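# sequence-free structure coming up:
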């Protein structure tokens, strides 16, 4: 079974630039998550989709972060403009559906903002 | 969701059992205990979960105390590849949408 795919693996940008991350979840998984993991901390949920609808974006900094999940499959997370404190690993995860806490994570995108 | 407390780090010798404790004294009756681990440069990986009874799978065993206020994840024969951050999470699951909240976890180092 193919896992959660993310790209790019690494990204280096300067502050105030924009960046986008892509995620392809496990086939058939209805729920998709984006987590942010700052060095030395546990992952923090940014946004959660159920199919192509947002069910939780309470911790997403909406002035600069946006995310979409077109057709309920792939998802993109965008940051515009980036700040130094956005340097982190951005993890995408998927699960089979409502109520499941068995999440499958991708390897993440490591973002460095200079 | 109940708060969990884990030691920041632990060591274990290769081939020995690794016993990782987790305290969740405020856990409610409908909250499960989930364990994930995160190997360096990878995303977290699900290990096991349980409600009241002890659970075992191909990766580990989960022992939950009778009062459910603490649990222990057991890796019966630790290998160097088990070196990782281990997260214990208490979550209701069920009908609410999954929103796992990760803490700091325990850094387990397996030594040769």
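Ah, there it is. None of the values given here were measured: they were computed from a predicted structure. Numbering: from 1, shown residues only, chains lettered A, B, ... in the order given.
# hang on, isn't residue A:47 packed against residue A:61?
No - contact criterion Cβ atoms under 8 Å: residue A:47 and residue A:61 do not qualify, at 10.5 Å. For glycine as for every other residue, the C-beta is placed from the backbone atoms N, C-alpha and C.
# Compare those two (neighbour count), which wins?
More crowded of residue A:47 and residue A:61, by other Cβ atoms under 10 Å in any protein chain shown: residue A:47, with 24 against 14.
# Look up how far chain B lies from the residue nearest to the more buried one when sequence neighbours are not counted.
Sequence neighbours aside, residue A:57 is the residue nearest to residue A:47 in space, at 4.5 Å (criterion: Cβ to Cβ, 6 or more residues apart in numbering or on different chains). Residue A:57 is 11 Å from chain B, where distance means Cβ to the nearest Cβ, to the nearest Å.
# just residue A:101 next, same as before
Distance from residue A:101 to chain B, by Cβ to the nearest Cβ: 5 Å.
# Kindly state the beta-bridge partners for residue B:72.
residue B:21, residue B:63 (DSSP bridges).
# which residues does residue B:39 contact?
Residue B:39 sits next to B:45, B:81, B:83-84 when contact means Cβ atoms under 8 Å, 6 or more residues apart in numbering or on different chains.
# Try it again at 10 Å.
B:45, B:81-85 (Cβ atoms under 10 Å, 6 or more residues apart in numbering or on different chains).
# Include distance to chain A when you put these into JSON lines, please.
Putting the contacts of residue B:39 into JSON lines (distance: Cβ to the nearest Cβ, whole Å) gives the following:
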{"residue": "B:45", "distance to chain A": "7"}
{"residue": "B:81", "distance to chain A": "16"}
{"residue": "B:82", "distance to chain A": "18"}
{"residue": "B:83", "distance to chain A": "17"}
{"residue": "B:84", "distance to chain A": "13"}
{"residue": "B:85", "distance to chain A": "8"}
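# how many neighbours does the residue in chain B that chain A sits nearest to have?
Closest to chain A within chain B is residue B:43: 2.8 Å, counting by Cβ to the nearest Cβ. Residue crowding around residue B:43 was assessed by other Cβ under 10 Å; the count is 23.
# Please tell me I have it right and it contacts residue A:37.
Yes - with contact defined as Cβ atoms under 10 Å, residue B:43 reaches residue A:37; the gap is 8.8 Å.
# Overlap in contacts, these two.
Going by Cβ under 10 Å, 6+ apart, residues that sit against residue B:43 and also against residue A:37 are A:43, A:89, A:91, A:108.
# and these near chain B, which?
A:43, A:89, A:91, A:108 (Cβ under 10 Å from any Cβ of the partner chain).
# per-residue confidence at the first one?
Pointing back at residue A:43 there. At residue A:43, the model reports a pLDDT of 95.
# How many residues are close by the residue lying closest to it once chain neighbours are set aside?
Leaving aside its chain neighbours, residue A:43 sits nearest to residue A:35 (3.8 Å; criterion: Cβ to Cβ, 6+ apart). Neighbour count of residue A:35, defined by other Cβ under 10 Å: 25.
# so who does residue A:35 touch?
Counted by Cβ under 10 Å, 6+ apart, residue A:35 has contacts A:42-48, A:59, A:88-93, A:103, A:105, A:108, B:43-44, B:100, B:102.
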